[in-house]
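Trainee: heads up, no residue letters with this:
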């Protein structure tokens, strides 16, 4: 072997030792989504509305699994359109379960939970609806629009209304609760509604969820790459935080049926008070509370334990020293508040209005923490 060939082989080994593209492939979380557990429940991150080339998406199912692993998601579902198959000429597949099977195989050695789902795709007023926790997607194919819902219910599915404000079906941009949806709700064939889909938040959909007692959902509805649509812009995908009794598919389904959710899109959090307030309470850790020497100004350090930036406004009788009453705590970071208590206190109730959170249209929850003040001695 010539000396020049040996030199190039040596250079190749050095490159493989130092450059990323030569490193073994891993699924390590590079943009982890993280939310603390709340009392009595695990906070599981879910995205139950995604597409691949097996309907109108642009990627193979294994990519969806890899994306979820890189973001440290707990649960995903690939909800391919049943009736809309634009890639059928290139990827013919009479089995509508195929995408699920491929994702399940890819996730086999990981803890990611893959939920079997499909999207029932019809025009208004029926709209698009996801049926998840199904057994056989092929059985949902029928010309009668009522049959897929009835069959999904028979299979034990959790069914939710997708992007109800989508302007392609609702030109005014507001959801319309038709007689068809009302009948599905009455029959136990519609359990949830997306209030966040891609980057869109619908206050009207939230009001429908509250009025009709539907589960509040947030999903990415991803067709391209999560990296291109969200991470590249410094954002995380929309998701549903589900409060489950254990880390299992059955527990997730039970939680969804019981409406134990909060929809999250970065700093936008939407949910019922019963679940949103405990999640916000658990999301902030008080790491220090002490008076600045020789003053009545209390220094309180707040740590954001989530992957979302959180926006608050002072809701106390006390005002702040040297800072705005409206402030942000970046994801995973800490900030220091200086509170003018006017006299030395042993403890205070720190009350903050969560400006990025909604329990109803235009209604922000107020969160309180009992803060024990450190003894200066």
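Mentor: Sure, I can see it. Just so you know, these numbers come straight off a predicted model, no measurement behind them.
Trainee: and the gap between the closest residue to residue 95 other than its chain neighbours and residue 92?
Mentor: Counting by Cβ to Cβ, 6 or more residues apart in numbering, residue 95 lies nearest to residue 138, which is 6.6 Å off, once chain neighbours are set aside. Where you see a C-beta, it was placed from the backbone N, CA and C, and this is true even at glycine. Residue 138 sits 14 Å away from residue 92, going by Cβ to Cβ, to the nearest Å.
Trainee: of the two, which one has the most company?
Mentor: Each of residue 138 and residue 92 has its neighbours counted (other Cβ atoms under 10 Å); residue 138 has more, 11 against 8.
Trainee: quick check: the more buried one touching residue 97?
Mentor: Yes: the criterion here is Cβ atoms under 8 Å, and residue 138 meets it with residue 97 at 6.6 Å.
Trainee: if we can go back for a sec, residues contacting the residue nearest to residue 95?
Mentor: 95-97 (Cβ atoms under 8 Å, 6 or more residues apart in numbering).
Trainee: same check on residue 300?
Mentor: 286, 288-289, 336-339, 350, 371.
Trainee: can you give me the helices for this structure?
Mentor: For the chain, the helices defined by DSSP state H cover 3-18, 61-70, 98-106, 146-154, 179-186, 203-212, 226-229, 249-257, 273-283.
Trainee: any idea which of these is most buried?
Mentor: helix 61-70 (a mean of 22; mean count of other Cβ atoms under 10 Å).
Trainee: give me the contact list for that one.
Mentor: 27-31, 47, 50, 52, 54, 76, 78, 99-100, 102-103, 106-107, 110, 112, 114, 222, 225-227.
Trainee: now the angle from it to helix 98-106?
Mentor: Counting by axes from the mean of the first three to the mean of the last three Cα atoms, to 10 degrees, helix 61-70 lies at 50 degrees to helix 98-106.
Trainee: dump the contacts of residue 300 into JSON lines; add neighbour count as well.
Mentor: Shown next, in JSON lines, are the contacts of residue 300 (neighbours: other Cβ atoms under 10 Å):
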{"residue": "286", "neighbour count": "14"}
{"residue": "288", "neighbour count": "13"}
{"residue": "289", "neighbour count": "21"}
{"residue": "336", "neighbour count": "11"}
{"residue": "337", "neighbour count": "22"}
{"residue": "338", "neighbour count": "15"}
{"residue": "339", "neighbour count": "23"}
{"residue": "350", "neighbour count": "23"}
{"residue": "371", "neighbour count": "18"}
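Trainee: ok, these vs residue 124, which is closest?
Mentor: Taking Cβ to Cβ as the measure, residue 124 lies nearest residue 350 of the contacts of residue 300, at 46.9 Å.
Trainee: now do the contacts for the nearest residue to residue 349 once chain neighbours are set aside.
Mentor: Spatial nearest neighbour of residue 349, chain neighbours left out: residue 368 (5.3 Å); criterion: Cβ to Cβ, 6+ apart. Contacts for residue 368 (Cβ under 8 Å, 6+ apart) come out as 349-352.
Trainee: and for residue 314?
Mentor: Going by Cβ under 8 Å, 6+ apart, residue 314 touches 320, 325-326, 351-353.
Trainee: mind checking which of those residues land in strands?
Mentor: Within the contacts of residue 314, residues falling in strands by DSSP state E are 320, 326, 351-353.
Trainee: for those, which entry has the maximal number of neighbours?
Mentor: residue 352 (25 neighbours).
Trainee: so that residue sits right up against residue 318, yeah?
Mentor: No: contact criterion Cβ under 8 Å: residue 352 and residue 318 do not qualify, at 11.7 Å.
Trainee: strands of the stretch 1-150 of the chain, start to end?
Mentor: Ranges of strands in the stretch 1-150 of the chain, per DSSP state E, counting those that start in this stretch, are 42-47, 75-81, 113-121, 128-132.
Trainee: now those strands in CSV, with distance to residue 182, mean neighbour count and mean pLDDT?
Mentor: As requested, the strands of the stretch 1-150 of the chain are exported to CSV (distance: least, Cβ to Cβ, whole Å; neighbours: other Cβ atoms under 10 Å; pLDDT from 0 to 100):
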stretch, distance to residue 182, mean neighbour count, mean pLDDT
strand 42-47, 27, 23, 98
strand 75-81, 23, 27, 98
strand 113-121, 17, 24, 98
strand 128-132, 14, 26, 98
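Trainee: for residue 151, which of these is the nearest?
Mentor: Closest of the strands of the stretch 1-150 of the chain to residue 151 is strand 128-132, at 8.5 Å (criterion: Cβ to Cβ).
Trainee: give the pairing partners of the closest one; include direction for each.
Mentor: strand 113-121 (antiparallel), strand 158-161 (antiparallel) (DSSP bridges).
Trainee: need the ones you listed in JSON lines (columns: distance to residue 143).
Mentor: JSON lines is the format used below for these (distance: least, Cβ to Cβ, whole Å):
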{"stretch": "strand 113-121", "distance to residue 143": "12"}
{"stretch": "strand 158-161", "distance to residue 143": "19"}
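Trainee: so which of the ones you listed comes closest to residue 252?
Mentor: Using Cβ to Cβ, the nearest of the strands paired with strand 128-132 to residue 252 is strand 113-121, at 6.9 Å.
Trainee: of the helices of the chain, which is nearest residue 38?
Mentor: Of the helices of the chain, nearest to residue 38 by Cβ to Cβ is helix 273-283, at 4.2 Å.
Trainee: and that closest one, average pLDDT?
Mentor: Across helix 273-283, the average pLDDT comes to 98.
Trainee: same question, stretch 232-249
Mentor: Here the average pLDDT along stretch 232-249 is 97.
Trainee: any idea how far apart the tips of that stretch sit?
Mentor: 31 Å (Cα to Cα, to the nearest Å).
Trainee: now swap in stretch 239-259 and tell me
Mentor: 15 Å.
Trainee: how far does it sit from the chain's center?
Mentor: 13 Å (Cα atoms, centre = their mean, to the nearest Å).
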